[in-house]
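J.: would you be able to build a 3D model of this:
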Amino acid sequence: MNYKTVFQKTGLLAISILVAFVIAESVLRIFYPAQLHYYVWPPHLRHTFTPDTTILSGISTHSLFTINSYGVRTGGGNFNREMNILQNPVHKNIAGNRYCLCLGGSTTECLYLDDNKTWEAQIARHALGASDTTLKFMGNIGKSGCTSTDNYIHLKYSVPQYKKINTVILMVGINDLLKRLSRDSLFQNNFELTETTEDSLVNVIFGLDAHKAFWKRTALFHMFQNIYHGIDKKNQDDTAEIYTTWRLRRQHAAAFVDTLPDMGPALTAFGKNINLLIDEAKKQNLEIVFVNQAAFWKDTMTANEQSKLWMGGIGKFQSEAGHKYYTSRALRQGLSLYNQELAKVCNERKIKLIDIDSQLPKTLSVFYDDCHFNENGADMVGNIIYKELKAPF
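T.: Now for the predicted structure:
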């Protein structure tokens, strides 16, 4: 065997692979220009949901869910155009213009609503209808299951990337409540957001550690990561059939609990998070606006209304049958406590709070389940928020 030839061929192969990597990385940088950024959603994600309208009433049978090249969901006429919100800072000499980014959980995400029918898109539509040229951008990085702790991480790490953003709108509270109730006696009352826990949350939430792992900072890594997340998104329940299972589990609950556990420590933690969010917004010179949570829950509900509920379970109720659930009356009480805590902090800090819960009818004309808006509900929410944004504070 000619070892010199083998060595030369091996070296040539290694150089070829390296050159191919450099070329691929250079080309992909065009499509993934900012790989050190913290994306809540992977850029360029696109998927069409086909929800069964007999399961989720009041929504279209086809809903487009798209994320732009900056990891933001947009919608609503001219506001759906690609905007260079990463590189260009707000022009300080143009007072009164708003570049808004909305944060929250699934009620902000609006997964099953089309891009142009979310409440964020409806805010943009109402602005266009009023010939309001001061609202320049309306985007959304809400994601299902996110609590106020997650939203703080989003605000601190993700929002600063979007240099043009000067207003953040947060719909927050219900996931904190549901997390507290589902954990029951296992809920961690003394959780502290230390530097270590924050680093851990950053890695989990954004799926990378941009400061330590070189290979995770490459465009190739992010391309394959986005493909993975895209596949994961396609594995979502396109038709919403899982809601039938979740609703049946609630209807056949092991028992219904009508009395809330001790909510004091959880409410204190929630209030602390709201203060952290306000402090972080001030550090970034952002206007921060809170929106409280609305829900379908009432003290008394008809059998048909009850059949639409699936939340409020204790333990792993979404994946297992036979768990206990809180009654709609208890859930309404719990949500009121969180909305009151939010109002208290906003009042103390003199921060604008938009109360949608008191203005929305608690009917199936607004919600398709416990708390998610159908198309009419999203339009109503968008109208309320737009009017409140324009009102003096």
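
J.: which ones are touching the closest residue in space to residue 40 that isn't next to it in sequence?
T.: Leaving aside its sequence neighbours, residue 40 sits nearest to residue 141 (Cβ to Cβ, 6 or more residues apart in numbering; 4.3 Å). Quick note: C-beta positions are derived from backbone N, CA and C, even for glycine. Residue 141 sits next to 40, 41, 71, 72, 73, 101, 102, 103, 154, 158 when contact means Cβ atoms under 8 Å, 6 or more residues apart in numbering.

J.: is the second one in contact with residue 71, as I believe?
T.: Same thing as residue 41. Yes: if you go by Cβ atoms under 8 Å, residue 41 and residue 71 touch, sitting 5.1 Å apart.

J.: contacting residues for residue 276?
T.: Residues in contact with residue 276 (Cβ under 8 Å, 6+ apart) are 152, 193.

J.: and the one helix or strand it maps to, what's buried?
T.: According to DSSP states H and E, residue 276 maps onto helix 264-283. Within helix 264-283, the residues scored as buried using 16 or more other Cβ atoms under 10 Å are 266-267, 269-274, 276-278, 280-281.

J.: could you do stretch 328-340 as well?
T.: Neighbour-count burial for stretch 328-340 [16+ other Cβ under 10 Å]: 328, 329, 330, 331, 332, 333, 334, 335, 336, 337, 338, 339.

J.: find the nearest non-adjacent residue to residue 309, please.
T.: Residue 309 sits nearest to residue 370 (Cβ to Cβ, 6+ apart), 5.2 Å away.

J.: how close does the nearest residue to residue 155 once chain neighbours are set aside sit to residue 17?
T.: With Cβ to Cβ, 6+ apart as the criterion, residue 155 has its nearest non-adjacent residue at 5.2 Å, and that residue is residue 280. Residue 280 sits at a distance of 44 Å from residue 17 (criterion: Cβ to Cβ, to the nearest Å).

J.: quick one: pLDDT of the closest residue to residue 310 other than its chain neighbours?
T.: Among residues not flanking residue 310 along the chain, residue 246 sits closest, at 3.6 Å (Cβ to Cβ, 6+ apart). Model confidence at residue 246, given as pLDDT, is 97.

J.: ok, now residue 38?
T.: 88.

J.: for it, what are its contacts?
T.: The contact partners of residue 38, by Cβ under 8 Å, 6+ apart, come to 157, 158, 161, 202, 205, 206, 210.

J.: filter those residues to the buried ones?
T.: 157, 158, 161, 202, 205, 206, 210.

J.: so the second one lies in a strand, does it not?
T.: So the one you mean is residue 158. No: going by DSSP: H, G, I helix; E, B strand; the rest coil, the assignment for residue 158 is helix, not a strand.

J.: what's the spacing between it and residue 143?
T.: On the measure of Cβ to Cβ, residue 158 and residue 143 end up 11 Å apart.

J.: who touches both of the two?
T.: Listed contacts common to residue 158 and residue 143 are residue 40; contacts here mean Cβ under 8 Å, 6+ apart.

J.: state the distance from the residue nearest to residue 310 to residue 138.
T.: Residue 246 is 31 Å from residue 138, by Cβ to Cβ.

J.: re the thing from before, for the residue nearest to residue 155, what are its contacts?
T.: 152, 155, 156.

J.: I'd like the distance between it and residue 37.
T.: 17 Å.

J.: try residue 183
T.: Distance of residue 183 to residue 37, given as Cβ to Cβ: 32 Å.

J.: can you report how many residues lie near residue 316?
T.: Residues lying near residue 316 (other Cβ atoms under 10 Å) number 9.

J.: save the contacts of residue 280 as JSON lines, and put in neighbour count too.
T.: Compiled in JSON lines, the contacts of residue 280 are given as follows (neighbours: other Cβ atoms under 10 Å):
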{"residue": "152", "neighbour count": "24"}
{"residue": "155", "neighbour count": "24"}
{"residue": "156", "neighbour count": "19"}
